[in-house]
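[1] Below: sequence and its predicted model.
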Amino acid sequence: LWQNIAERKEEARQLHFRLVELTEDIVDPAEWGKNFPRQYDGYRRTVEDTRHGGSEAPPSRLEKDPLLKLIYAGHPFAVDFREARGHAYMLRDQDVSERTKRFPQPGSCLHCHSTPLQAYRQHGRQAGIGDDRPWEQLIKGFEILSTMPYERARAFVSHPVACVDCHEPRTAQLRVTRPAFLIGIRQLARSQAPVPHLPSIAKWRQEHQAHLQAGRPVPEYDPNMLATRQEMRSFVCAQCHVEYYFRKPDKLLVYPWRAGLQADQIEDYYDRLDGDGFSDWTHAVTGAPLLKAQHPEFEMWSQGIHARSGVACADCHMPYRREGAIKISDHHVRSPLRQINVACQTCHRFPEQELEARARSIQERTLALVSRTEKALAELIEALNSGKQRGADPQTLARASQAHRRAHWRLDFVMSENSDGFHAPHEALRLLAEAIDYARQGQWAIASPSTR
Amino acid sequence: LWQNIAERKEEARQLHFRLVELTEDIVDPAEWGKNFPRQYDGYRRTVEDTRHGGSEAPPSRLEKDPLLKLIYAGHPFAVDFREARGHAYMLRDQDVSERTKRFPQPGSCLHCHSTPLQAYRQHGRQAGIGDDRPWEQLIKGFEILSTMPYERARAFVSHPVACVDCHEPRTAQLRVTRPAFLIGIRQLARSQAPVPHLPSIAKWRQEHQAHLQAGRPVPEYDPNMLATRQEMRSFVCAQCHVEYYFRKPDKLLVYPWRAGLQADQIEDYYDRLDGDGFSDWTHAVTGAPLLKAQHPEFEMWSQGIHARSGVACADCHMPYRREGAIKISDHHVRSPLRQINVACQTCHRFPEQELEARARSIQERTLALVSRTEKALAELIEALNSGKQRGADPQTLARASQAHRRAHWRLDFVMSENSDGFHAPHEALRLLAEAIDYARQGQWAIASPSTR
Amino acid sequence: MANAPKILLFILVGLLTGISGYTFHFAEGFSYLTDDPRACVNCHVMRDQYESWQKASHHAVAVCNDCHVPQEPLARLGAKLRNGYAHSQAFTLMDFHEPIRIREVNRRIVNDNCVRCHSALVAEILPHKGAADPSWNCIQCHTASGHGPPR
Ligand SMILES: [Ca+2]
Ligand SMILES: [Ca+2]
């Protein structure tokens, strides 16, 4: 016991020693690990993936759910679509995916699967923009690298997400560095969409108004300057865990937040884009111009009660844990249900099994409705197909096709969000209910001309 | 020492003078008010109804929402259906409703709109069951009075819900007295349906098993003996705020809980009742045998996160409030959103506007989906109607008719529940999503024979 | 408060747990038996509770032991003994559940203390079956009274 207490008291006093002078150019997490061994230990443990071990590739979602091939028909996701796993795998999993191997992809893909910061700066510099204009330099490099073919751009990056992506090297303070996020969040700030969970944006909007009225120049919203610490604990994740699209024709990566973060607002944005609307691809069976939703975790979380209550991604996915006398953020980013005591019980005074049961019951209701929606959508696809075969009139087909777009977007938004509804349970079910309605209305549209 | 503490606790409780010796026969709340003036004051204020003043009758829901007449076509609810208001009005509002004035109703209606306890006992006694068998006496009287025509039974009751309905006269302790509830909750206890929010039932089930195994006689679940105080704070409301039906052919009131409290479980129960299934009425347009859901507040609350967290009806609808030096339960039962500070803020440390916004956003999502579902259902009714006109084959009509039953039940369960989704937000949307699916599938069933 | 019972208690605790006097002294075991809140925060694992207590509504009117220790002398001694033992063991083994959660027996003590101070106010709402009614619980609604709202 004596020894114990002495140790603990010692620990309590201990800060970390700075063994290495960290700079922007030190990308290798192992170097950072010399100053911050505990965080580095956690970071490395993302290889011990939560559910799908260290196998060559995690389980295919297409095999688990055979309807998906029909639903995504014509999109690379119909060829290869897997479960996510730990951060350590992000670059490798992208490299080996059939989606990069069998389809031409742009450098844009690397924005979220690597540490491209240095490469962006370097390309900006080479394009003639000096270090005195860091923002322009970064954006230029981002544009150059992103619009290259994937294989060419791939040569300039080597690490999965690294410390430098989320931390300022000198102070280790949180920061956001991803160009698409920095641009996207500006546009969100400039929109009218209510964001009660992001107080610094609300504040900026007020000041923005004041500047406008006074005729002063209006500075853009800059999260690194303005966001609260609690907001930063979500923004670092929102650099990547978001819906995106590739601008046409150059395939530059864009986050579609100009009208807000809600699924309907994003759809609205896509519907108006380039005048006659944007689509990611044309469905191979129905010919409908569809949208592909990808991992809208940040957007979905934004609609939930936790976001409204100021609970950040890091609160659940990187909870503080006590190591001796010190509390550190768990850098083994993973499912919070693997450590409910630190991830949830700090706020919820219920037993672990009870909290798990609550999360699971939300997920089960959501997943049951996802299957129901998939069936409705598959039936719409079938109806549209047979309508086309039969030579239904173009107006009817157009109506049904529009219904396909609406239904698909809502289903995909929930299905490709990775919490199975947990991040915003009510919103997820609302979207699915609407998806069912659109899918079945489309079916009916095909049927009705001959029955009315 | 124990004695000591117990004594002092007893002492602490003896604050009010007992001016009147209360007994089972004292029904008039004014008498009770002599002993408990604060509670009586609150009780009387239920005339100051939350939203719909002291007017002759509260606003009609049929006028607010014109689709309801079609949806309820053939049922008395299509003739008169209004908002609820304060407890003080319950008997009057029943008397003046077109549902009692224009349709023959049984005495069963009075079970929840009056204080019928004395009348039940008296009729049981007259039927020859002595005071030594109080349970049999009560049930007998309940059966006699409930199966009389409304007008005849009406003569035996005179008060809306009164103190004696929820309180044991001598100790003022909470109790439940309504026969249909006492029978219903027994049946729920005997079922296998999980009830994580009702711990005393889980406990009774275990003991029940033990009794069975030991070959001992098995006592029924008795809430007045076994329920925790926190459960009683909901059970007193669950005496009336529940789904019910009238047994055929004698119209005795029954709570359909034999298979559980969830909408699907209740539907299942109805589907199997009397061999070929139960229906409340036949839809005037489609001829489908439908179920009518009525105010399933208790059932819906049971599916929600508050119930799971041990939050009772009384916590929100009769919160404690400080009156001078004493703390009492607010007997002015009403919407908690009228006093968010006492009803919600003890547990939720957010500003009042924020809490109201959270509740409202749940309600808005729910109500938007209710309208969407109503539209789908109305279209199914239209399709079924035109299918019948066209002379569609009986099998097709039967499939669509079955879909009508499923869809109507789910919509009605949410719509006639009075919290607009708040009591169980996720469950409410799940039911609506299913309702949309069934309605549209029915539509498609009508259409498909001619298009396939 | 006299010092004698405390010393006696200290010896008892020492005997029970087999901890040497020196160890317990180092752990400021003496102060653990006083009513000074700083005694509790000698252990860093109590820091959260100490800090949250300072921010909560009661810091001006109640110290740790007002809520966490029974006020009847005998029960008080018993609780201190029991909790002293549990504490030493937990601290030595460092195998306790985190976040730290109050045990049911200790919650009951806290509850009794709420009633002790607020008996007049809550007289009408106390359990009808007296303390024997296990289902009543001030903390169910007033979670924040001792330590503020959860983080
Ligand atoms: Ca997309
Ligand atoms: Ca009914």
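    All right, it came through fine. Ligands and ions are numbered 1, 2, ... in the order given.

[2] rest of the way, CA atoms for contacts and neighbours
    Will do.

[3] low-confidence ranges in chain C?
    C:1-34, C:128-135, C:151 (pLDDT under 70).

[4] any weak-confidence spans in chain A?
    Across chain A, the ranges flagged by pLDDT under 70 are A:1-17, A:49-56, A:449-452.

[5] For chain B, what is the nearest residue in it?
    Of all residues in chain A, A:A433 sits closest to chain B, at 4.4 Å by CA to the nearest CA.

[6] longest helix anywhere in chain A?
    The helix that spans the most residues within chain A, counting by DSSP state H, is helix A:352-390.

[7] Look up how far A:P336 lies from the nearest residue to A:M318 once chain neighbours are set aside.
    Excluding its sequence neighbours, the residue lying closest to A:M318 (CA to CA, 6 or more residues apart in numbering or on different chains) is A:D330, at 4.7 Å. Plainly put, A:D330 is 11 Å away from A:P336 if you go by CA to CA, to the nearest Å.

[8] out of these two, which sits in the busier spot?
    A:D330 (25 against 19; other CA atoms under 10 Å in any protein chain shown).

[9] contacting residues around that one?
    Contacts for A:D330 (CA atoms under 8 Å, 6 or more residues apart in numbering or on different chains) come out as A:Q39, A:G42, A:M318, A:P319, A:Y320, A:R321.

[10] Tell me which helix or strand A:W135 sits in.
    Per DSSP states H and E: A:W135 is located in helix A:134-147.

[11] A:W409 and A:D93, how far apart?
    25 Å.

[12] Just want to know which of these two has more residues nearby.
    A:W409 (23 against 19).

[13] Go ahead and confirm the more buried one touches A:Q294.
    No: judged on CA atoms under 8 Å, A:W409 makes no contact with A:Q294 at a distance of 10.4 Å.

[14] Is the residue of chain A closest to chain B located within a helix, as I assumed?
    Yes: counting by DSSP: H, G, I helix; E, B strand; the rest coil, one finds A:A433 located in a helix.

[15] what's the burial count for it?
    Count around A:A433 with other CA under 10 Å applied: 31.

[16] Could you double-check that it sits in contact with B:L431?
    No: contact between A:A433 and B:L431 fails when scored by CA under 8 Å: they sit 9.5 Å apart.

[17] ranges for the strands of chain A?
    Using DSSP state E, the strands of chain A run over A:245-246, A:253-254, A:281-282, A:289-290, A:320-323, A:326-329.

[18] could I get the ones you listed as TSV with distance to ligand 1 and mean neighbour count?
    What follows is the strands of chain A, written out as TSV (distance: least, CA to the ion, whole Å; neighbours: other CA atoms under 10 Å in any protein chain shown):
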stretch	distance to ligand 1	mean neighbour count
strand A:245-246	5	19
strand A:253-254	9	20
strand A:281-282	10	17
strand A:289-290	10	20
strand A:320-323	33	15
strand A:326-329	31	15
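
[19] Of all those strands, which one is nearest B:P249?
    Closest approach to B:P249 among the strands of chain A is made by strand A:289-290 (55.5 Å; CA to CA).

[20] Given that closest one, what are its sheet partners and their directions?
    With DSSP bridges as the test, strand A:289-290 is paired with strand A:281-282 (antiparallel).

[21] so how far is the strand it pairs with from its chain's centroid?
    Distance of strand A:281-282 from the chain centroid (CA atoms, centre = their mean, to the nearest Å) equals 22 Å.

[22] what's the answer for stretch A:340-349, then?
    Counting by CA atoms, centre = their mean, stretch A:340-349 is centred 24 Å from the centre of its parent chain.

[23] can you tell me if it touches chain C.
    Yes: judged by CA under 8 Å from any CA of the partner chain, stretch A:340-349 and chain C are in contact via A:N341, A:V342, A:Q345, A:T346, A:C347, A:H348.

[24] just curious, which of those residues is nearest to chain C?
    For the residues of stretch A:340-349 next to chain C, the closest approach to chain C (CA to the nearest CA) belongs to A:C347, at 5.1 Å.

[25] And the closest one, how close does it get to A:Q353?
    For A:C347 relative to A:Q353 (CA to CA), the value is 15 Å.

[26] So between these two, which is more surrounded?
    Shown here are A:C347 and A:Q353; by other CA under 10 Å, A:C347 has more neighbours (14 against 10).

[27] Make sure that one is actually in contact with C:A144.
    No: counting by CA under 8 Å, A:C347 stays clear of C:A144, with 11.8 Å between them.

[28] residues shared between the contacts of the two?
    Common neighbours of A:C347 and C:A144 (CA under 8 Å, 6+ apart) are C:P150.

[29] got the CA coordinates for the longest helix along chain C in CSV?
    The longest helix of chain C (DSSP H) is helix C:73-93. Listed next in CSV are the C-alpha coordinates belonging to helix C:73-93 (Å, rounded to 0.1, in the frame of the first residue of the first chain):
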residue,chain,number,x,y,z
PRO,C,73,-23.0,7.9,16.8
LEU,C,74,-23.2,4.1,16.7
ALA,C,75,-24.2,3.9,13.1
ARG,C,76,-21.6,6.5,12.4
LEU,C,77,-18.9,4.3,13.8
GLY,C,78,-20.1,1.3,11.9
ALA,C,79,-20.2,3.1,8.6
LYS,C,80,-16.8,4.5,9.1
LEU,C,81,-15.4,1.1,9.9
ARG,C,82,-17.1,-0.5,7.0
ASN,C,83,-16.2,2.1,4.5
GLY,C,84,-12.7,2.5,5.9
TYR,C,85,-12.2,-1.2,5.2
ALA,C,86,-13.7,-1.0,1.8
HIS,C,87,-11.6,2.0,1.0
SER,C,88,-8.3,0.6,2.1
GLN,C,89,-9.0,-2.6,0.1
ALA,C,90,-10.0,-0.8,-3.0
PHE,C,91,-7.1,1.6,-2.8
THR,C,92,-4.6,-1.2,-2.3
LEU,C,93,-5.9,-3.4,-5.0
